[in-house]
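Colleague: Sequence and predicted structure below; questions after.
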Amino acid sequence: MIVIARNRAAAFDEGALSGFELTIYQKKKNSSVEYEYDSDNTLLFELQMRTHIMESSLALSQSGVYFAGFKDSQCNEAYWHHTHQGRFQLKAGVSAQDAIRDIFRNGNLYAFECSTAIVVILYKAILESIDPKQFDRLFSDLLLFDKTYNKNLHLNDRTNIEEAVTGDVLYFDNPEFSPLTPWWRGQNAIKIENGLYYGHGHGTGIVSAEEIIAVLNLFRKPDSTQSAFLTQTFVHPNFSFFSRFQSNIQEKPMIAKIGAWTFVG
């Protein structure tokens, strides 16, 4: 159920939503879980940012970025300081938006593992969704590592995988991974359209859940019996928080209220 400004009877015109946005909207609307928004704009911002997460996933998959563990990671040192832990620290005087965009423009200069890839995608989606000047202000000390470290992504935890929609970050666990390939202990993945996921790594990319599990199962201990599996937990950015930082000049939908109905144009 979608609740806008605490009004459970609020009606919302779906006609101006893209097919992609409409699919997400209808799943949330028809859910037994209550999704509350303080305004129509906040709901629309989430739908648009989820679109940017999917688009950023597709863009990173085509960028030429390599897969590497933390100790073998690489970056463009014109923008980033490469720390000994394999982290990428934004250099002093460098714009955060320019540094994030460089990963997508010059992917062949970068190598990192799947958790960092997820963080990069989320930052790119935020950049495309808010005022770029606000992005530079919010992330002036940007450090790319994994999603646990990046608290400024304001990630919300969820536990019912049936509620996951496009733009959510899921995790495939490989409980009996081989100690010879510890980077295959699991796979972070972003849910995209039509039952597909983006997972950064050898043999994954834009694939189905079954294909991710099949790859992970190749890297289990000898005589292992437990298959890799999609866990129940997932995360997504706090869309409401980031909606505060939209540019005044960004194109926004026209919203009109007539009685109980909200029309979007």
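Modeller: Looks like it came in fine.
Colleague: which residues sit against stretch 154-170?
Modeller: 20, 23-24, 27-28, 31, 33, 49-51, 53-54, 118, 122, 125, 147, 188-193, 197, 230-238, 241-242 (CB atoms under 8 Å, 6 or more residues apart in numbering). Using the backbone N, CA and C atoms, a C-beta is placed for each residue, glycine as well.
Colleague: By neighbour count, sort out the buried ones in those.
Modeller: 20, 23-24, 28, 49-51, 53-54, 118, 122, 125, 147, 188-192, 197, 230, 234-237, 242 (16 or more other CB atoms under 10 Å).
Colleague: So which of those belong to strands?
Modeller: 188-191, 197, 230, 234-237 (DSSP state E).
Colleague: Present those as JSON lines; the columns should include distance to residue 63 and pLDDT.
Modeller: As requested, those are arranged in JSON lines below (distance: CB to CB, whole Å; pLDDT from 0 to 100):
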{"residue": "188", "distance to residue 63": "17", "pLDDT": "94"}
{"residue": "189", "distance to residue 63": "17", "pLDDT": "95"}
{"residue": "190", "distance to residue 63": "15", "pLDDT": "96"}
{"residue": "191", "distance to residue 63": "20", "pLDDT": "96"}
{"residue": "197", "distance to residue 63": "17", "pLDDT": "95"}
{"residue": "230", "distance to residue 63": "25", "pLDDT": "97"}
{"residue": "234", "distance to residue 63": "24", "pLDDT": "96"}
{"residue": "235", "distance to residue 63": "23", "pLDDT": "96"}
{"residue": "236", "distance to residue 63": "22", "pLDDT": "96"}
{"residue": "237", "distance to residue 63": "21", "pLDDT": "96"}
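Colleague: separation between residue 105 and residue 150?
Modeller: Taking CB to CB, to the nearest Å as the measure, residue 105 falls 22 Å from residue 150.
Colleague: Can you pick out the residue with more neighbours from those two?
Modeller: residue 150 (20 against 12; other CB atoms under 10 Å).
Colleague: So which elements touch the strand or helix carrying residue 211?
Modeller: Per DSSP states H and E: residue 211 is located in helix 209-217. Counting contacts by 3 or more CB pairs under 8 Å, 6 or more residues apart in numbering; DSSP states H and E, helix 209-217 packs against strand 169-173, strand 186-191, strand 196-199, strand 229-237.
Colleague: Now do the buried residues in the third one.
Modeller: Of the residues in strand 196-199, those scored as buried under the neighbour-count criterion (16+ other CB under 10 Å) are 196-199.
Colleague: Turn the helices and strands packed on helix 209-217 into CSV, including distance to residue 216.
Modeller: Shown next, in CSV, are those (distance: least, CB to CB, whole Å):
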stretch, distance to residue 216
strand 169-173, 6
strand 186-191, 6
strand 196-199, 10
strand 229-237, 9
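Colleague: And the ones you listed: which comes nearest residue 113?
Modeller: Residue 113 sits nearest to strand 186-191 of all those, at 8.8 Å, using CB to CB.
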